[in-house]
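**Student:** Here you go, sequence then predicted model.
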Amino acid sequence: MAEPQSSTDHVAPRVAIVGAGMTGLAAAYDLARQGWHVTLYEAQPQAGGLAGGFREPHWAWSLEYFYHHWFASDHHILNWIEELGWREDVIFRRPVTVVYHQGRFYPFDSARAVLAYPGLSWPAKVRMAAVLAYLRLTPRWQPFERVTAHDWLRRALGDEAYTALWEPLLEGKFGPYARQVNMAWFWARLHSRTPQLGTFVGGFQALVDRVVARLRAMGVAVHLNTRVQRVTRAGEGGGWLVDAPPRGGRFDAVLLTLAPHQAARLVPDWPAAYRLQLMSLKHMAALTVILALRQPLTRSGYYWYNIPKRAGFPFLILVEHTHFIPAQHYGGDAIVYVGDYLPLEDPLLQAEPEAVLQHYEAGLRRIQPNYARSWVRAWWLYRTEYAQPVPEVHHSQRIPAIRTPLPGLYLATMSQVYPWDRGTNYAVELGRRAARLMQADAPFTPEG
Ligand SMILES: Cc1cc2nc3c(=O)[nH]c(=O)nc-3n(C[C@H](O)[C@H](O)[C@H](O)COP(=O)(O)OP(=O)(O)OC[C@H]3O[C@@H](n4cnc5c(N)ncnc54)[C@H](O)[C@@H]3O)c2cc1C
């Protein structure tokens, strides 16, 4: 579809969306359905953002850069996929999740598994079951955001269960911020997770590519490989100028779906206090090494390994992906992710890829003593700075609204997902909520 050249050509609003991750894609879909003129800008050569993936020539399925799955409770994205007509391409399985205890891994994803787990005394298990049941039955998260997860859980669970299981989780995911994360985050985690895990036939990138094709068919202009440099006031007549060589334009409204600190830099006109608010939101980076092995790393059948760094492992997570999705979809390669969340200043984020792999191989050998580099057919390293927002005490009061202080400019990012832990499910919810707000605000009045 040719893009309209001026806002007087059409009655329907002209909107630019910056970022074609799940948030931007979902917003684009809803706005295009309303007959709006939507232009989607994506800096990378393909859409999908953090949920994107790649495919080797001999693989039938794409593989996510960062391990991804859905929970059975992820209704926003599952309903959207249903709406798109592709529900039969969602598959759910029940792969095994394990935790570490004294040199071995034990399943920990059912009541039975917890009963059999040797790393906790009976009194600690009974107390933990009571606390988790209490949290599950408590319908409101708001009271929990006044206290840190560290303080609440240690008091409620006692030292034994807290230091054995939950403190390592907080430390691994939030590093230096582990003791600042609020208890509402933990409450939400407990309320939203299921042992059944899902994916899309062909991988998450297959879903993304189908969404992009649908958007294009609906008339959305999708500009890949097009980085937005600046968003500025259009001056007389109102609206916003999107500077995105060679395909910028003038729009009635703009939705930004990139990280808050990136959004802070993109718009020179933000009020100083708002820019400060965006810059002050904390987050962790993430790193994954993906190994395509000639044989499975383990014969255990376990999918997800929670790894306590304090036991001396160099990484937090090991995911034997082909114990969830059969290796036949990857040309027989056994796919293993090893990953970690890191503070932004961690040297591993800048280290040479080979140095990262060598660092992680020491941990791989603890899990599979026979592991050798000759097992590796290919490997990849992916890093991202904006991977995990850090929800501190009273986080709800720090979250920027989707409507920014500048009329016609909207923001929808992972940092606004709360109290739920960020995920594609909540990206879809957020994108659709942003679209509804924009529809409620249209037509956009020129700024004085
Ligand atoms: C390690 C890890 C594991 C995860 N595991 C899961 C999981 O198991 N299940 C799950 O559902 N979710 C998971 N997530 C979360 C999920 O990936 C995100 O919540 C979701 O993808 C966020 O989508 P988004 O559109 O908000 O942001 P993003 O995906 O970050 O999209 C933003 C887009 O904006 C683009 N962009 C940035 N700057 C510009 C610019 N100037 N111009 C144009 N484009 C720009 C970026 O290239 C990107 O494509 C995981 C994330 C990480 C990091």
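**Tutor:** Here it is on my side, so go on.

**Student:** which bits of the chain sit near the ligand?
**Tutor:** Counting by C-beta under 6 Å from any ligand atom, the chain comes close to the ligand at 18-24, 41-44, 49-51, 66-70, 227-228, 257-258, 262, 286, 384, 387, 413-414, 422-425, 427. Every residue, glycine included, has its C-beta placed from N, CA and C.

**Student:** so who does Thr39 touch?
**Tutor:** 3, 14-17, 220-221, 223, 242, 247, 249, 251 (C-beta atoms under 8 Å, 6 or more residues apart in numbering).

**Student:** repeat that with 7 Å
**Tutor:** 3, 16, 221, 223, 249 (C-beta atoms under 7 Å, 6 or more residues apart in numbering).

**Student:** Just the ones of these in helices?
**Tutor:** Assignment to helices by DSSP state H places none of these there.

**Student:** looking at those, which has the most residues close by?
**Tutor:** Ala16 (27 neighbours; other C-beta atoms under 10 Å).

**Student:** doesn't Met183 make contact with Trp152?
**Tutor:** Yes - look at Trp152 against Met183 with C-beta atoms under 7 Å: they come within range, at 4.3 Å.

**Student:** and the chain, what are its domains?
**Tutor:** 14-62+202-281+395-441, 110-192, 282-389 (automatic domain parsing).

**Student:** Quick check: which of those domains is nearest to Gly85?
**Tutor:** Set against Gly85 and scored by C-beta to C-beta, the domains of the chain come closest in domain 14-62+202-281+395-441, at 9.2 Å.

**Student:** Now do the closest one, average pLDDT.
**Tutor:** Mean per-residue pLDDT for domain 14-62+202-281+395-441: 97.

**Student:** now stretch 299-317
**Tutor:** Rounded mean pLDDT across stretch 299-317 is 91.

**Student:** Filter the residues of the chain next to the ligand down to just the buried residues.
**Tutor:** 18-24, 41-43, 49-51, 66-70, 228, 257-258, 262, 286, 384, 387, 413-414, 422-425, 427 (16 or more other C-beta atoms under 10 Å).

**Student:** Could you list which of the residues you listed belong to strands?
**Tutor:** 18, 41, 70, 286, 384, 387 (DSSP state E).

**Student:** Quick check, the fifth one in contact with His283.
**Tutor:** Put plainly, it is Thr384. No - contact criterion C-beta under 7 Å: Thr384 and His283 do not qualify, at 10.1 Å.

**Student:** Next, count neighbours for the closest residue in space to Trp86 that isn't next to it in sequence.
**Tutor:** Nearest residue to Trp86 in three dimensions, chain neighbours excluded: Arg210, at 6.7 Å (C-beta to C-beta, 6 or more residues apart in numbering). Neighbour count of Arg210, defined by other C-beta under 10 Å: 17.
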